[in-house]
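Visitor: return atomic coordinates for the entry below.
(one chain, ligands or ions: 1)
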Amino acid sequence: MKRRNFIRNIGIAGVGLPLIPNNLSFDLSGNKNIPVHSPVSITTWNFQEANRTAGELLQKGISALDAVEQGVRIEESNIKNHTVGKGGAPDRDGKVTLDAIIMAPNGNFGSVAFLENIEHPVSVARKVMEETPHNMLVGEGAYQFALSQGFEPENLLTEESEKQWKNWLVEKEYKPIINIENHDTIGMLCLDSKGDIAGACTTSGLAYKMRGRVGDSPIIGSGLFIDNEVGGAVATGLGEEILKNVSTFLIVELMRSGKSPQEACEIAVERIVKKPTDLKDFQVAFLALNKNGEVGSYCIHPGFSYALHSKGDEEAVQSKSYLAEK
Ligand code: ASP
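Guide: Here you go, the predicted structure:
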């Protein structure tokens with residue numbers, strides 16, 4: 001009996017099975033049960049270079065976990081990006097404090113929050129996951145751990161960010177502009193050629209935040225959640241709103257119960273907007289990817305876009321938004 005027929009037949013009979021999950025496609029031509037996927041990389045906003053880096057690594061057969069780390073590191077080093085890593089806007093006291101998370105297909109994650117003077121918080125987060133019995137380190141403890149792992153301390157406040165902060169101190173009239181100034185966290189999801197999903201999210205958080213403020217980005221189930229049986233989701237936007245709704249965990253659970261990534265993102269946004277909040281003041285955006293490589297995204301205000309790399313092609317995609325549709 002040909003393998004294709006064999007698998008179909010035992011599926012119908014439903015006995016004695018290695019059950020084939022509905023959400024995986026299999027190469028039935030050979031002898032091995034290898035899921036066939038075109039690698040997919042998706043990234044919040046227009047971080048094409050970061051997304052391309054991850055996408056190309058995936059094309060070469062690199063794991064999703066390595067790809068997300070290498071991808072988001074591009075933006076952590078980009079001093080023109082004032083919301084991630086080096087060059088990120090400081091808190092109201094003039095200090096750059098970083099948050100990051102990384103989650104592996106095996107269900108483990110590492111994260112750091114309120115980390116200062118280290119350019120690559122995502123890599124520190126990975127070390128937390130792999131080298132400690134813990135999942136999250138913050139502040140001075142995270143910093144000391146980073147040094148112990150060989151990370152070099154560095155001043156992350158660039159001249160440009162310092163100048164903007166000083167202007168803010170004078171004007172104090174600064175108002176965040178939705179989609180442009182304050183919400184450019186990089187969140188990335190990758191599906192590799194073995195069919196495994198990993199994710200990462202890294203940010204300097206809201207510009208001129210109170211000292212010690214931590215948003216959604218490094219918090220499991222808020223800024224990022226992955227379940228390798230189902231898919232993953234990442235968030236960007238006003239962290240306080242995402243935290244209150246544990247949104248990326250919600251999105252993955254909705255996908256588990258059969259919703260598409262698009263439907264799941266829409267429900268998660270609706271969960272936020274139906275609460276009594278003034279929507280004109282903030283943006284929230286979600287991105288989701290399932291095990292079939294299907295992508296969804298949804299946000300409150302028009303203007304959120306994401307970078308997609310799939311089958312070697314790349315594109316920038318405009319997300320649908322709640323306010324454009326209502
Ligand atoms: N979600 C991030 C935070 O609240 C900000 C962002 O996405 O730009 O810290």
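
Visitor: work out which residue lies at the spatial centre of the chain.
Guide: By CA atoms, centre = their mean, the mean C-alpha position of the chain lies nearest to residue 187, the distance being 2.8 Å.

Visitor: would you check that it makes contact with residue 287?
Guide: Yes. Taking contacts as CB atoms under 8 Å, residue 187 lies within contact range of residue 287: 6.4 Å. (Each C-beta comes from the backbone N, C-alpha and C, glycine too.)

Visitor: what sits in contact with each of these two?
Guide: Contact criterion CB atoms under 8 Å, 6 or more residues apart in numbering; residues shared by residue 187 and residue 287: 43, 44, 234, 235.

Visitor: among those, which ones lie close to the ligand?
Guide: The subset of the shared contacts of residue 187 and residue 287 within reach of the ligand, by CB under 6 Å from any ligand atom, is empty.

Visitor: from the residues you listed, which is closest to the ligand?
Guide: The ligand lies nearest to residue 235 out of these, by CB to the nearest ligand atom, at 6.4 Å.

Visitor: which parts of the stretch 101-250 of the chain are strands?
Guide: According to DSSP state E, counting those that start in this stretch, the stretch 101-250 of the chain carries its strands in the segments 109-115, 136-138, 186-191, 197-203, 224-227, 231-237.

Visitor: one step back: mind giving me TSV with the shared contacts of residue 187 and residue 287 and columns for pLDDT and neighbour count?
Guide: Formatted as TSV, these follow (pLDDT from 0 to 100; neighbours: other CB atoms under 10 Å):
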residue	pLDDT	neighbour count
43	97	31
44	95	31
234	98	34
235	97	34
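
Visitor: and which of the residues you listed is nearest to residue 93?
Guide: Nearest to residue 93 out of these is residue 235 (CB to CB; 26.0 Å).

Visitor: contacting residues around the closest one?
Guide: The contact partners of residue 235, by CB under 8 Å, 6+ apart, come to 187, 201, 216-217, 222-224, 242, 247-248, 284-287.

Visitor: how about 10 Å then?
Guide: When contacts are counted by CB atoms under 10 Å, 6 or more residues apart in numbering, residue 235 touches 44, 185, 187, 201, 215-217, 219, 221-225, 241-243, 245, 247-248, 251, 265, 268, 284-288, 299.

Visitor: closest to residue 102 out of the strands of the stretch 101-250 of the chain?
Guide: Proximity to residue 102, assessed across the strands of the stretch 101-250 of the chain by CB to CB, is greatest for strand 197-203 (4.5 Å).

Visitor: what pairs with that closest one, parallel or antiparallel?
Guide: If you go by DSSP bridges, strand 197-203 pairs up with strand 98-103 (antiparallel), strand 186-191 (antiparallel).

Visitor: now it and strand 109-115, what's the angle there?
Guide: For strand 197-203 against strand 109-115, the angle by axes from the mean of the first three to the mean of the last three CA atoms, to 10 degrees is 0 degrees.

Visitor: up against the ligand, what does the stretch 101-250 of the chain have?
Guide: Within reach of the ligand by CB under 6 Å from any ligand atom, the stretch 101-250 of the chain has these residues: 182-185, 203, 205-206, 215-217, 236-239.

Visitor: and stretch 272-290, end to end?
Guide: One end of stretch 272-290 to the other measures 22 Å (CA to CA, to the nearest Å).

Visitor: check the secondary structure at residue 91 for me.
Guide: When the structure is split into helix, strand and coil by DSSP: H, G, I helix; E, B strand; the rest coil, residue 91 lands in coil.

Visitor: any idea how far it is from residue 215?
Guide: The span separating residue 91 from residue 215 equals 12 Å under the rule CB to CB, to the nearest Å.

Visitor: what about the chain, any weak spots by pLDDT?
Guide: 1-37, 172-183 (pLDDT under 70).

Visitor: show me where it has helices.
Guide: Secondary structure of the chain (DSSP state H): helices located at 3-13, 48-59, 64-76, 121-131, 139-148, 159-171, 239-245, 247-256, 261-273, 322-325.

Visitor: what about the residue of the stretch 1-150 of the chain found nearest the ligand, how many neighbours?
Guide: In the stretch 1-150 of the chain, the residue that lies nearest the ligand is residue 83 (5.0 Å; CB to the nearest ligand atom). Applying other CB atoms under 10 Å, we find 22 other residues in the vicinity of residue 83.

Visitor: over to it: give its phi and psi.
Guide: With angles defined as degrees, to the nearest 10, residue 83 sits at phi -130, psi 10.
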